[in-house]
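Q: Got a sequence here, can you model it:
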Amino acid sequence: MEQEDQYLTELQNLEAYQMDSSGLQMFGSASPVTLFYDSVVMGTVGFMQPVEIPSGSTLTVQLQDTSLAE
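A: Residues are numbered from 1 along each chain as shown. So this is what the prediction gives:
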């Protein structure tokens, strides 16, 4: 609860923000970087059919916000 109160207080005191491919940084008057969110999404990938994925493979996923799309 104390951590949540501190977070909400810092959120109200934000003066600027910067967003790029590495994540979101939010700045306040008290410290250089008040809040930082890394652009990492974790989850599980499932396939409709059994697939054998070679060891050392890399999965690339692209997330798109279509909430404002027509």
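Q: Quick check: residue 65 vs residue 27, distance?
A: Distance of residue 65 to residue 27, given as Cβ to Cβ, to the nearest Å: 23 Å. C-beta: built from backbone N, CA, C; applies to glycine.
Q: Settle it for me: which of the two has more neighbours?
A: Set residue 65 next to residue 27 and count neighbours by other Cβ atoms under 10 Å: residue 27 wins out with 17 against 6.
Q: part of a strand, is the more buried one?
A: Yes: under DSSP: H, G, I helix; E, B strand; the rest coil, residue 27 falls within a strand.
Q: Spatially nearest residue to it, not counting backbone neighbours?
A: Spatial nearest neighbour of residue 27, excluding adjacent residues (Cβ to Cβ, 6 or more residues apart in numbering): residue 16 at 4.6 Å.
Q: hang on, that neighbour packs against residue 24?
A: No: at 11.6 Å, residue 16 does not count as touching residue 24 under the criterion of Cβ atoms under 8 Å.
Q: more neighbours, those two?
A: Higher neighbour count among residue 16 and residue 24: residue 24, with 13 against 10, using other Cβ under 10 Å.
Q: so what pLDDT did that one get?
A: We have a pLDDT of 79 for residue 24.
Q: Against residue 14, how distant is it?
A: Taking Cβ to Cβ, one finds residue 24 at 11 Å from residue 14.
Q: Which helix or which strand is home to residue 60?
A: According to DSSP states H and E, residue 60 maps onto no helix or strand at all.
Q: Grab the nearest non-local neighbour of residue 19.
A: Once flanking residues are discounted, residue 19 sits nearest to residue 25: 7.6 Å by Cβ to Cβ, 6+ apart.
Q: so the one you found sits right up against residue 38, yeah?
A: No: contact criterion Cβ under 8 Å: residue 25 and residue 38 do not qualify, at 10.1 Å.
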